[in-house]
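Participant: Starting from these lines, generate the structure:
(chains A and B)
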Amino acid sequence: MRADSLTKRYDGKTVVDAVSFEIPKGKITSFIGPNGAGKSTVMGILSRLIARDGGEVSFKGKDVTGWKSGELAKRLAILTQTNNIQMKLTVWELVSFGRFPYSGSRLTEQDARAVNQAIEYMELADMSDSFIDELSGGQRQRAYIAMVIAQDTEYVLLDEPTNNLDVYHASNMMRIIRRLCDELGKTVILVLHEINYAAFYSDFICAFADGKIAAFGTVKEVINAKTLSNLYGVDFEILDVNGKPLSIYY
Amino acid sequence: MLISRLPRLLAVLLTGVGMSVAGLIMQQLCMNKFVSPTTGATLSSAQLGILIALVFMPRSTLWSRAAFAFAAALAGTCAFVWFIQRIKYKDAAMTPLVGMMFGNVIGGATSFLAYRYGMTQALSSWLSGHFALVIRGRYEIVYLVLPLIAIAFVFANHFNIVGMGKDFSRNLGVNYNFILFGGLAISAAITASVVVVVGSVPYIGLIVPNIVSMFRGDKIRGSLTDTALCGAIFTLACDLIGRVVIAPYELPVELIIGILGSVAFVALLIRRLKHGRKHIALGRSSRVRAAAGGIQ
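Facilitator: Next up is the predicted model:
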């Protein structure tokens, strides 16, 4: 997946300014940066949820907007942070929507198996008949990830998957995402606010500032006191913990 | 028997089935339990459509009136949906209130137009729903409800997915605007074919789907048949009450449904709001749209 000089304007204000990069295949890439830097907008453009004003996104040799929506849905899944679950659906029913791009409304046996596997993978088996509005925030988030797993796409885009989760559930979620990449071989793109999660669990970091890319590289290349201080305008100190950079800021 | 009894029974059943399914679809598409033909301006727009047909095409057939009713109902519903999607309310209870006001404005326009053209009396038979005039030869349009429900059943999962939101639909490769419009069109068509035969039958589309979803959940595939059956039984019961209370005369079914329906509506409102407040108090709604689209 490659983005070439992406541009997005809202009301005359340029929020994404000629951004270009290439997403490494089979790795986890995290978008970090201050609020309003354009991270979520770029992710929206990559996944054709947001219309761009300029540039192109080449996905498997074809522009994302050139794909048939149903075909793209078999190769790329996006989970935004605005999932309002006001519906009384069971976990199983929600996860089964992930099979929609393959079989439409008629679930085959193979689909049912994929749904069950996804639910087991997310350790939700004993809750598969519970309604999602009765679950805790962490369980609900896992149900959504299970849906994305059932969708069985090569690329998975998650916008702030740890949002609204406490430390326990958030770190759990990050480990799950790591497994999606390591065990299932998916290419994962994340928008993260928590720098240390990005540093500990991802392979590459793309740092955004003012709609431009401030730095793109491996975790080691990007997570250093100088880059981060410039990015956020706050003093940073970087400690080495088990070979990974831990940022301290105050 | 074949001239009035059977048609009446069929009309009663199809009205109940049609209105409750129309309500179910609208609730799901709009992600709001309070949207229905009554609270979403569909009914009142359909009436306006009929009046326009009566005024400007005095010799219009039942079919062309139905077509006018459908066009107006669709336009009114879409305008309402567009409106509530623009304005994100904090409180789901605002939506039916806005819908009712919206409906009353259209109703006012209808009354004015009727008064202006001396049609008040002709209009009154479409303003209040009753089954007394249902006889062979002038109720068959209501059969349209059946194929429309069949279509709704085929697209049930699409409606569910669209109800989960724009991004959610796009991710699964579902064309959001197309399905939203199509679903509203089916609801409008069902409403129009009912209104043109029996007149306005309020509340069924609001109450029945809500009660069924408490037991069956919101997966439309699972709840569609139950909703249809409950709607039919509810309407039949109301019709019977209307015929028994002051026999040998009968009360219009709209009156009975209106009384039972409005009480149930208030009960529902209170229950949902309590439930909703608790939901918000648990602290899930802090960000973005969580609190907007509707409670539960």
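
Participant: could you pull out the helices for chain A?
Facilitator: A:39-46, A:69-72, A:91-96, A:100-103, A:109-121, A:137-151, A:167-182, A:195-201, A:219-222, A:225-232 (DSSP state H).

Participant: Could you dump those into JSON lines with distance to B:Leu97, mean pLDDT and mean neighbour count added?
Facilitator: In short, each C-beta sits where N, CA and C put it, glycine included. Formatted as JSON lines, the helices of chain A follow (distance: least, Cβ to Cβ, whole Å; pLDDT from 0 to 100; neighbours: other Cβ atoms under 10 Å in any protein chain shown):
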{"stretch": "helix A:39-46", "distance to B:Leu97": "33", "mean pLDDT": "93", "mean neighbour count": "24"}
{"stretch": "helix A:69-72", "distance to B:Leu97": "36", "mean pLDDT": "91", "mean neighbour count": "17"}
{"stretch": "helix A:91-96", "distance to B:Leu97": "31", "mean pLDDT": "93", "mean neighbour count": "25"}
{"stretch": "helix A:100-103", "distance to B:Leu97": "35", "mean pLDDT": "92", "mean neighbour count": "20"}
{"stretch": "helix A:109-121", "distance to B:Leu97": "40", "mean pLDDT": "93", "mean neighbour count": "17"}
{"stretch": "helix A:137-151", "distance to B:Leu97": "30", "mean pLDDT": "91", "mean neighbour count": "23"}
{"stretch": "helix A:167-182", "distance to B:Leu97": "38", "mean pLDDT": "92", "mean neighbour count": "16"}
{"stretch": "helix A:195-201", "distance to B:Leu97": "43", "mean pLDDT": "93", "mean neighbour count": "22"}
{"stretch": "helix A:219-222", "distance to B:Leu97": "51", "mean pLDDT": "91", "mean neighbour count": "16"}
{"stretch": "helix A:225-232", "distance to B:Leu97": "45", "mean pLDDT": "90", "mean neighbour count": "17"}
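
Participant: Let me know which of those helices is the nearest to A:Arg9.
Facilitator: A:Arg9 lies closest, by Cβ to Cβ, to one member of these: helix A:39-46, at 10.3 Å.

Participant: Could you list the residues in contact with that closest one?
Facilitator: Residues outside helix A:39-46 that contact it (Cβ atoms under 8 Å, 6 or more residues apart in numbering or on different chains): A:1, A:3, A:6, A:8, A:15-16, A:19, A:31-33, A:50-52, A:57, A:64, A:78, A:80-81, A:157, A:159-160, A:189, A:191, A:208.

Participant: Contact partners for the closest residue to A:Gly185 other than its chain neighbours?
Facilitator: Nearest residue to A:Gly185, sequence neighbours excluded (Cβ to Cβ, 6 or more residues apart in numbering or on different chains): A:Gly26, at 6.0 Å. Residues near A:Gly26 by Cβ under 8 Å, 6+ apart: A:181, A:185-187.

Participant: looking at those residues, which has the most residues close by?
Facilitator: Counting neighbours by other Cβ atoms under 10 Å in any protein chain shown, the top entry in the contacts of A:Gly26 is A:Lys186, with 22 neighbours.

Participant: Break chain A into its domains for me.
Facilitator: What automatic domain parsing lists as the domains of chain A is A:1-75+A:154-168+A:184-219, A:82-152.

Participant: Let me have those in a markdown table, adding distance to B:Leu51 as columns.
Facilitator: Shown next, in a markdown table, are these (distance: least, Cβ to Cβ, whole Å):
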| stretch | distance to B:Leu51 |
| --- | --- |
| domain A:1-75+A:154-168+A:184-219 | 41 |
| domain A:82-152 | 36 |
